[in-house]
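Asks: kindly return the folded structure for what I paste below:
(chains A and B)
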Protein chains: 2
Amino acid sequence: MFKKILIIGCGLIGSSILRDSFNKKISKKIFVYEKSKKHISKIKKINSKIIILNRLDQRMSDIDFVILSTPMSEYEKIIPYFNKFLSKKSIITDVGSTKQNVLKLKNKKLNKSLDWILSHPISGSEVSGPENGSKNLFLNKWCIIISDKNKNKMKKVVRFWNKLGSKVIFMDPIEHDKIFSITSHLPHLIAYNLIKTAQDFQKKNRKNIIQFSAGGLRDFSRTAASNEIMWRDIFFNNKKNMISTIDMFIKNLKVFKKNINNLNDRDLRRILVNSKKVRKQIIHLKQDISKPDFGRKEV
Amino acid sequence: MFKKILIIGCGLIGSSILRDSFNKKISKKIFVYEKSKKHISKIKKINSKIIILNRLDQRMSDIDFVILSTPMSEYEKIIPYFNKFLSKKSIITDVGSTKQNVLKLKNKKLNKSLDWILSHPISGSEVSGPENGSKNLFLNKWCIIISDKNKNKMKKVVRFWNKLGSKVIFMDPIEHDKIFSITSHLPHLIAYNLIKTAQDFQKKNRKNIIQFSAGGLRDFSRTAASNEIMWRDIFFNNKKNMISTIDMFIKNLKVFKKNINNLNDRDLRRILVNSKKVRKQIIHLKQDISKPDFGRKEV
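Replies: Below is the predicted model:
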């Protein structure tokens, strides 16, 4: 499919792309650039054919596909190397979780002769680092691609994600950032906030409550264990949408509180019953398994 | 251990007690009283030796152990039958998720000659009904028992839960309701509220967002699929604690929003990093499995 691809940033996502690229024979040669020395020694073990770049330099000139999978806050530092070394035949893509900011950055900083097609694979985990990557990370998952005027190069990026097993869907960046603010970013923020609230409670009441977390708290703690750099970047870059979803959430929470305070059976129960329907939809849409408790084998 | 036990209300929890009571030979005879006819036909299939009671009557007079596992809002209707038919040798326990309300009800309505030891097994699922029960539901789980002056009968209830595999711990009802308001009740309320917010967003934006729920929302939808009668009872009965934890949560959420609005890297990152520590503690305390993504096998 490609002759030479370059993966910049090789954590959970980058190393999963790396693994499946070998598996699917996506490219004749695969180059990796990764800042962390600790990560590099782990990456080398994945496949003996990986070519590690110690710096971004003229060796980039015949790369035909670059996948940028660092935290989004690194993008700006990397673009000058694209401008300096990449050929105009190459295609750039990224895997960032917000897209308006990336598009803006690209328009502002990337040479007009270069092409960057924006992607967002909807997959991840609470664990990070190359040791936790998997060749199946993208299998049957959505990958959002931001529609681009260069249809030819866009098609190649679509084919790339399809090869990795993803179902590709097109969105505009405004729509993308809005949708994922509610289905992904708000749930993470809420999970972090719940753990923070439990910690505050623990301090205030001087009780070890974490040992009793199996009744619900533990599931949130998984989400709240996600990588802090990645999530800071998402919250900051999707600021406007985050603020409006937080406000919606607080508004609903106040209604919930009022229903409890007034023992309003009808209104409270309507909320609880309606929630159940969403779970059914999610399972029907194959977004989660139907086994109780996620099929988790108990500790 | 007992001669005749009676399980009143045989849904997820009741049927799990039923299954493991046969398994561990807890009692020579096991009686079940269950209002739902649909449930009864499922219960009969669990074991041919189950004795189904169609009503609570004089046959209760030589029951030595009663486990009340209906929704808490049913308790008040059942107590008159205890008063009328139970012998003072018998022991009553319940599995309600809040305890101050149950203690109050017991003190107000139960004959002084009868003994009711309050229990709360910390186990459950998003699915309900007798078909979803399991003999291992209580294995290695906490069971909270509210300290009682009748030490003899309390010991028997402890032994019962130990036989079912639970680790028993004693609490006073105020402490109990406070702790579980944060480790169990608030997480459920927050999950319901998140799904409600996603539904509002979907209506307002006329977009089908549920199909993109794999990025986080789906995990909350599991918790928010829990039984609505059970959870209404919990929220109403733990009203005071719920209101104060909701307020704590909103306060923290406003700080979170401010940190995002001001792009306050230091304070935001501190919250995210601290959350991660809680996950480690939870796994260390064997409250969850350490496998990423709950070890869930992907759809």
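
Asks: for residue A:35, list the residues it contacts.
Replies: Shown in contact with residue A:35 (C-beta atoms under 8 Å, 6 or more residues apart in numbering or on different chains): A:9, A:70. All C-beta atoms are positioned from the backbone trio N, CA, C, and that covers glycine.

Asks: that one and residue A:56, how far apart?
Replies: 11 Å (C-beta to C-beta, to the nearest Å).

Asks: residue A:209 reaches residue A:199, doesn't it?
Replies: No. Counting by C-beta atoms under 8 Å, residue A:209 does not reach residue A:199; the two are 9.4 Å apart.

Asks: quickly list the domain ranges of chain A.
Replies: A:2-171, A:175-295 (automatic domain parsing).

Asks: closest to residue B:249 out of the ones you listed?
Replies: Closest approach to residue B:249 among the domains of chain A is made by domain A:175-295 (5.0 Å; C-beta to C-beta).

Asks: so how far is residue B:228 from residue A:266?
Replies: The spacing between residue A:266 and residue B:228, counted by C-beta to C-beta, is 12 Å.

Asks: the two: which has the busier surroundings?
Replies: Taking other C-beta atoms under 10 Å in any protein chain shown, residue A:266 and residue B:228 do not tie; residue B:228 has more neighbours (20 against 7).

Asks: list the contacts of the more buried one.
Replies: A:269, A:272, A:273, A:276.

Asks: what strand or helix carries residue A:200?
Replies: Taking DSSP states H and E as the criterion, residue A:200 maps to helix A:186-205.

Asks: ok, and what's touching the next helix or strand after that helix?
Replies: Once helix A:186-205 ends, the next helix or strand along the chain (criterion: DSSP H and E) is helix A:217-223. Residues from elsewhere that reach helix A:217-223 (C-beta under 8 Å, 6+ apart): A:126, A:187-188, A:190-192, A:194-195, A:198, A:210, A:213, B:182-184, B:187, B:190, B:216, B:219, B:222-223, B:275, B:278-279, B:282, B:287-288, B:293-294.

Asks: need the buried ones from those residues selected in ChimeraX.
Replies: Burial among the contacts of helix A:217-223 is assessed by 16 or more other C-beta atoms under 10 Å in any protein chain shown; the matching ChimeraX selection reads:
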select /A:126,187,188,190,191,192,194,195,198,210,213 /B:182,183,184,187,190,216,219,222,223,275,278,279,282,287,288,294
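
Asks: ok, the closest residue to residue A:285 other than its chain neighbours - contacts?
Replies: Leaving out its chain neighbours, the residue that sits closest to residue A:285 by C-beta to C-beta, 6 or more residues apart in numbering or on different chains is residue B:211, at 5.0 Å. Applying C-beta under 8 Å, 6+ apart, we find residue B:211 in contact with A:142, A:285, A:287.

Asks: helix/strand/coil for the last one?
Replies: In the three-state summary, residue A:287 is assigned as coil, counting by DSSP: H, G, I helix; E, B strand; the rest coil.

Asks: quick one: it and residue B:213 touch, right?
Replies: Yes. Residue A:287 is within contact range of residue B:213, at 4.9 Å (criterion: C-beta under 8 Å).

Asks: quick check: closest non-adjacent residue to residue A:172.
Replies: Spatial nearest neighbour of residue A:172, chain neighbours left out: residue A:147 (6.3 Å); criterion: C-beta to C-beta, 6+ apart.

Asks: now the phi/psi pair for residue A:8, please.
Replies: Residue A:8 adopts backbone torsions of phi -100, psi 120, taken as degrees, to the nearest 10.

Asks: I'd like the next helix or strand past the host helix or strand of residue A:240.
Replies: Using DSSP H and E, residue A:240 sits within helix A:239-261. Of the helices and strands lying after helix A:239-261 in sequence (DSSP H and E), the nearest is helix A:265-284.

Asks: show residues contacting whatever helix or strand residue A:17 lives in.
Replies: Using DSSP H and E, residue A:17 maps to helix A:12-23. Helix A:12-23 is contacted from outside by A:5, A:7-8, A:10, A:26-27, A:30, A:32, A:34, A:43, A:46-47, A:49-50, A:67, A:69-70, A:95, A:121, A:123-125, A:127-138, A:164-165, A:227, using C-beta under 8 Å, 6+ apart.

Asks: can you tell me which of those are buried?
Replies: A:5, A:7-8, A:10, A:26-27, A:30, A:32, A:34, A:43, A:46, A:50, A:67, A:69-70, A:95, A:121, A:123-125, A:127-128, A:130, A:132-138, A:164-165, A:227.
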